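**Q** Just the structure for this:
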Amino acid sequence: MSSFSGTGALVRLVLRRDRVVLPLWVLALGSIPVSYASATMSLFPTAAERASYAQGLRDTPAELALLGPVFGSSAGALSVWRSGFLLVIVALASALTVVRHTRVEEEAGRRELLGATVVGRQAPLTAALLVTLAADAVVGVIAAAGFVAVGLSGPGSAAFGLGLALSGAMFAGVAAVTSQVFETAAAARGAALATLGGAFLLRALGDAGGTGSELSWLSWLSPIGWLQQVRPYAEERWWVLLLPLAMATVLLVAAQRLTEHRDVGGGLFATRPGPAAGAERLRSPLALAWRLHVRVPRSNAPSSREAGRPPPNPLVPKGTLRTSSLARIRTSQDPAGARRTLRSPRRGFNALPHNGRS
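**A** Residues are numbered from 1 along each chain as shown. Okay, here's the model as predicted:
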């Protein structure tokens, strides 16, 4: 059996489980840039108005830190600038999707059940990555096709679409690596999001002062900054796309290699045990009351059906049929006796029908 056996079946399983969520974020993130382009062309129909607007943006550090630098004053360049934060959103959606179908599945125990079938060691991770990368590619295609549909040039649209797809691919690789390194889904998710946050922070610090500032070099340390340095619709730098492509390739290969060096449910970094003794603030009666009565786990909270139910009788052995249970059994066999039982004022076993006689 190959390490990738069962990948196709797991891809279909992932698509079925995400048949609602996946199309929603793919279509939404792919369509938003088109709305930005239409709004830009309607609000600033002339080149002079767009140039004035672009100059105002370059003089606003907050806008540059949030969305990135402005490399041109054309409708396409302004639309790409306005869509700058989508690079982060696509990366976020990709990372969460990979963690959901890798480490979360192991915590729930489903990965171990699948491992008992004809499924290779690397098939679950490969299936999650294939679905996520395909979703990223569809986002890029929709965005690029939408830009072309509203009248923007093809090369700039292709550069922007590739940037969106590579943004998701890079952080899908980051999430794939963190899912192999850490034992829990929370730790894997937190590490991936921390990496994304650090990349955004580096890009924001580098771009806040403009392209000629002293800290502009920080943008080149950020994967998000690489994608914006492609400069769609402003003399595209196609060679910059090699940086995110190389990073995504290295991370995806590393994640596949890491799956060979750990057990199912385990990670390269073991979870640290808790402290041997509690802190002083947890040793008081008030702290005990807080933990016992306020912070009730969801699994221990009574359900709506059990809230009004009386406590069980400790004198009745567990598994003993109650009167109501016996009544349901007997009345299902004798409907006529059931009607006589409902009319009877008596309670208990004497009210039950026996052989059709009450």
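
**Q** and S74, how far is that from Q229?
**A** 17 Å (CB to CB, to the nearest Å). C-beta coordinates here come from the backbone N, C-alpha and C atoms, glycine included.

**Q** in the stretch 101-250 of the chain, which spans are helices?
**A** Remark: helices assigned in the stretch 101-250 of the chain by DSSP state H, counting those that start in this stretch are 103-108, 110-115, 123-149, 154-181, 185-207, 223-228, 242-258.

**Q** can you tell me which of the ones you listed the model trusts least?
**A** The minimum mean pLDDT among the helices of the stretch 101-250 of the chain belongs to helix 110-115 (a mean of 76).

**Q** residues of that one that come out buried?
**A** By neighbour count on 16 or more other CB atoms under 10 Å, the buried set for helix 110-115 is R111, L114.

**Q** Output it as PDB, restricted to C-alpha atoms.
**A** This file holds the C-alpha atoms of helix 110-115, laid out as PDB (Å, rounded to 0.1, in the frame of the first residue of the first chain):
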ATOM      1  CA  ARG A 110     -11.700  10.200  13.100                       C
ATOM      2  CA  ARG A 111      -8.100  10.100  11.800                       C
ATOM      3  CA  GLU A 112      -7.400   6.900  13.700                       C
ATOM      4  CA  LEU A 113     -10.600   5.300  12.400                       C
ATOM      5  CA  LEU A 114      -9.600   6.100   8.900                       C
ATOM      6  CA  GLY A 115      -6.100   4.700   9.500                       C
END
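
**Q** For this structure, which residue occupies the most central location?
**A** By CA atoms, centre = their mean, the chain has its centre lying nearest to L96, at 2.6 Å.

**Q** For it, which residues are in contact?
**A** A175, R189 (CB atoms under 8 Å, 6 or more residues apart in numbering).

**Q** Can you list phi and psi of it for me?
**A** phi -70, psi -40 (degrees, to the nearest 10).

**Q** Could you dump the helices of the stretch 101-250 of the chain into CSV with distance to S52 added?
**A** Shown next, in CSV, are the helices of the stretch 101-250 of the chain (distance: least, CB to CB, whole Å):
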stretch, distance to S52
helix 103-108, 49
helix 110-115, 56
helix 123-149, 23
helix 154-181, 21
helix 185-207, 21
helix 223-228, 22
helix 242-258, 33
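
**Q** of all the ones you listed, which lies closest to A47?
**A** Among these, the nearest to A47 by CB to CB is helix 154-181 (16.2 Å).

**Q** Next, the angle from that closest one to helix 242-258.
**A** Going by axes from the mean of the first three to the mean of the last three CA atoms, to 10 degrees, helix 154-181 is angled at 30 degrees with respect to helix 242-258.

**Q** just how off-centre is helix 154-181 within its chain?
**A** Helix 154-181 sits 15 Å away from the centroid of its parent chain (CA atoms, centre = their mean, to the nearest Å).

**Q** so what secondary structure elements neighbour it?
**A** helix 75-82, helix 86-100, helix 123-149, helix 185-207, helix 223-228, helix 242-258 (3 or more CB pairs under 8 Å, 6 or more residues apart in numbering; DSSP states H and E).

**Q** burial measure for the closest residue to W226 other than its chain neighbours, as a count.
**A** Spatial nearest neighbour of W226, chain neighbours left out: L243 (4.7 Å); criterion: CB to CB, 6 or more residues apart in numbering. For L243, the number of neighbouring residues by other CB atoms under 10 Å comes to 18.

**Q** Was I right to think L243 contacts Q228?
**A** No - with contact defined as CB atoms under 8 Å, L243 does not reach Q228; the gap is 11.8 Å.

**Q** who touches stretch 28-47?
**A** 50, 53, 73-76, 78-80, 82-83, 86, 89-90, 93, 138-143, 146-147, 149-152, 160, 164.

**Q** ok, now with 6 Å
**A** 50, 53, 75, 78-79, 82-83, 90, 139, 142-143, 146-147, 150 (CB atoms under 6 Å, 6 or more residues apart in numbering).

**Q** For it, the averaged confidence score.
**A** So the average pLDDT for stretch 28-47 ends up being 92.

**Q** how far is it from where the chain is centred?
**A** Distance, centroid of stretch 28-47 to centroid of chain: 27 Å (CA atoms, centre = their mean).

**Q** Can you list the buried residues in that stretch?
**A** Applying 16+ other CB under 10 Å to stretch 28-47 flags L29, G30, I32, P33, V34, Y36, A37, S38, T40, M41, F44 as buried.

**Q** any idea how far the third one is from L87?
**A** Spelled out, it's I32. In terms of CB to CB, I32 sits 12 Å off from L87.

**Q** Likewise for the second one?
**A** The spacing between G30 and L87, counted by CB to CB, is 13 Å.

**Q** what does the first one give?
**A** Separation of L29 from L87 (CB to CB): 10 Å.

**Q** Next: the fifth one.
**A** As judged by CB to CB, V34 and L87 stand 16 Å apart.

**Q** ok, now R50?
**A** 22 Å.

**Q** Same question for R19.
**A** 26 Å.

**Q** Among these two, which residue is more densely surrounded?
**A** L87 (28 against 9).

**Q** which residue sits closest to that one, ignoring its sequence neighbours?
**A** L87's closest residue in space is S167 (CB to CB, 6+ apart), at 4.4 Å.

**Q** List the contacts of the one you found.
**A** Counted by CB under 6 Å, 6+ apart, S167 has contacts L87, V90, A91, L227.

**Q** coming back round to it: can you tell which of the helices and strands packed on helix 154-181 is closest to R283?
**A** Across the helices and strands packed on helix 154-181, closest to R283 is helix 185-207 (CB to CB), at 26.9 Å.
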